[in-house]
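Novice: sharing a model that was predicted from the sequence below.
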Amino acid sequence: MSYTLNVTGFLLKGCIITLQLYAVTIVFSIPLGIICALAKISRYKFLKAFLEFYTWLFRGTPLLLQLFFTYYGLPVFGIRLTQEQAAAITFVLNYAAYFTEIFRAGIQSIDKGQYEAAKALGMNYRQTMWRIILPQAVKRVLPPTGNEAITLIKDTALVATIGMGDMLRAAKEVVTRDFKISAFIIAAVIYLLLTTVVVYVFKKLEEKYSVYD
Amino acid sequence: MMIKAENINKSFGKLHVLKNINLEVQKGEVISIIGPSGSGKSTLLRCLNYLEKIDSGRIEIEGEPIAAMDQQGQKIHIPENQIRRICRKLGMVFQSFNLFPHKTVLENIIEAPIVVKKMPKEEAVALAEELLGKVGLADKRDAYPSQISGGQKQRVAIARALAMKPDIMLFDEPTSALDPELVGEVLSVIKALAKENMTMLIVTHEMAFAREVSDRVVFMDSGEIIEEATPEKIFKNPEHPRIRAFLDKML
């Protein structure tokens, strides 16, 4: 029992790194995704082409490769980042690319009659977007956003490959040291608990937004 | 003069939807626009409040142009915010209601007065409650659009448009999406507005209603105004055989 507690304590320390990366990624990639989605449906051709390239690149290559490139590749160009910086930048850019496409699709799924009604009432583009279109789009993008939020928990385990002491790496160290697989099981339970929290939060959000249909 | 449209043309790709349309609307006039589907009635209405941009011609709302051309026939650029200001004199009611589904009935009505006109909230709420009373839906103020019937939705949409205190109301087939038993409640609201001398342009397939409520009826077919006359004239003794053929099918 005390072995289990010890291991759990050790894993929870690693879990802090997981949670920090998780928080940073969510806090920055969602607003970035919203901004990129709005830019992608704007009339600025250059911006649209650039964002098209961005989402193509980041959705089209493995996250692990992007992480390697940022941490091991960028120093070649004289840019040296700490493990934490490299992980945060890569995760934010990667997840923002997916959020951009999710939010763009959500915004474009809103009926054009909504834009016309807002316009006929004298609202300008900004007012229409913030007050009429985006609030409705939020409801539609909740399920795919929830999926990403769950995937992100598990993707954070990738940072072990650039030597960060996250939960998975901690578990592996314990298993290698003690020749017992219980650390893996404990890690799995902690990951499950974390995803359960995310699932619960999104379920509540969906309930909140379901009042009007 | 509330609306003056001169020689307006509009095409969607190769389809010439409006061909040299001229239309004048006087203060207090109720005009019905009738005609077969695809004749350009809705497009005409949508051009008048800038939901569609015309290709050529001139449109004035209460003397101010929202579309104009110079002597060489080139379009004159008019700033968007100026157009938006001018078009605030027009209220629009859509066939498919287009209520904001994430807002309650009351919130739908107070949205534009607060956001666009910067009206204080209490004043907007008082106005909305008055308008809801007028369209007979005072008890639905806290309902969401999904919780009320089609006829009720359209009456809310009318109240929402009226909340901006427009000088002119445009109705784009306001009853076409309604179950037959719900048409009457919407038409009676429009009739009440006519009694208050609201200037109105109504695209409709309700012939009896058009006949009863309008000062003038405009008949359109394939992008042209074929005849423009009093309801008596159009319905009893139309000059054009196409109108007769249309009315025979409708009545």
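Specialist: Cool, got the structure. Computed from a predicted model, the values in this text were never measured in an experiment.
Novice: I'd like the average pLDDT over the helix or strand that contains residue A:188.
Specialist: In the assignment (DSSP states H and E), residue A:188 maps to helix A:182-209. Averaging pLDDT along helix A:182-209 gives 94.
Novice: what's the answer for stretch A:72-92, then?
Specialist: 94.
Novice: go on, stretch B:39-46?
Specialist: Confidence for stretch B:39-46, expressed as mean pLDDT, is 96.
Novice: can you list contacts of that stretch?
Specialist: B:5, B:8, B:10, B:17-18, B:21, B:23, B:33-35, B:52, B:92, B:95, B:170, B:172-173, B:201, B:203, B:220-224 (Cβ atoms under 8 Å, 6 or more residues apart in numbering or on different chains). Backbone N, C-alpha and C define where each C-beta goes, glycine included.
Novice: with stretch B:103-119 instead?
Specialist: In contact with stretch B:103-119 (Cβ under 8 Å, 6+ apart) are residues A:121-123, A:127, A:131, A:212, B:88, B:99-100, B:121, B:123-125, B:127-129, B:131-132, B:137, B:140-145, B:148, B:156, B:159-160, B:163-164.
Novice: mind checking which of the residues you listed are in helices?
Specialist: Among the contacts of stretch B:103-119, DSSP state H puts A:127, B:121, B:123-125, B:127-129, B:131-132, B:156, B:159-160 in helices.
Novice: so how far is the host helix or strand of residue A:29 off the chain centroid?
Specialist: Assigned by DSSP H and E, residue A:29 falls within helix A:2-40. How far helix A:2-40 lies from its chain's middle: 9 Å, per Cα atoms, centre = their mean, to the nearest Å.
Novice: circling back: distance to residue B:210 added to the ones in helices among the contacts of stretch B:103-119, as JSON lines?
Specialist: Below are the ones in helices among the contacts of stretch B:103-119 laid out as JSON lines (distance: Cβ to Cβ, whole Å):
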{"residue": "A:127", "distance to residue B:210": "35"}
{"residue": "B:121", "distance to residue B:210": "39"}
{"residue": "B:123", "distance to residue B:210": "36"}
{"residue": "B:124", "distance to residue B:210": "33"}
{"residue": "B:125", "distance to residue B:210": "35"}
{"residue": "B:127", "distance to residue B:210": "30"}
{"residue": "B:128", "distance to residue B:210": "30"}
{"residue": "B:129", "distance to residue B:210": "32"}
{"residue": "B:131", "distance to residue B:210": "25"}
{"residue": "B:132", "distance to residue B:210": "27"}
{"residue": "B:156", "distance to residue B:210": "23"}
{"residue": "B:159", "distance to residue B:210": "23"}
{"residue": "B:160", "distance to residue B:210": "24"}
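Novice: of the residues you listed - the most surrounded one?
Specialist: residue B:160 (31 neighbours; other Cβ atoms under 10 Å in any protein chain shown).
Novice: that residue against residue A:120, yeah?
Specialist: No: checked against Cβ atoms under 8 Å, the pair residue B:160 and residue A:120 is beyond contact range at 9.6 Å.
Novice: longest single helix anywhere in chain B?
Specialist: Max-length helix for chain B by DSSP H is helix B:180-195.
Novice: now the terminal residues of stretch A:156-169, how far apart.
Specialist: 11 Å (Cα to Cα, to the nearest Å).
Novice: kindly provide the distance from residue A:179 to residue A:148.
Specialist: 37 Å (Cβ to Cβ, to the nearest Å).
Novice: then residue A:55?
Specialist: Here the distance between residue A:55 and residue A:148 works out to 14 Å (Cβ to Cβ).
Novice: then residue B:249?
Specialist: 55 Å.
Novice: who has more neighbours, the two?
Specialist: residue A:148 (19 against 8).
Novice: quick check on residue A:180: phi, psi?
Specialist: Backbone geometry at residue A:180, expressed as degrees, to the nearest 10, gives phi -130, psi 140.
Novice: give the other helices and strands that the helix or strand of chain A with the lowest mean pLDDT contacts.
Specialist: Sorted by mean pLDDT, DSSP states H and E, the helices and strands of chain A end with helix A:167-178, the least confident at a mean of 89. Packed against helix A:167-178 by the contact rule (3 or more Cβ pairs under 8 Å, 6 or more residues apart in numbering or on different chains; DSSP states H and E) you find helix A:2-40, helix A:182-209.
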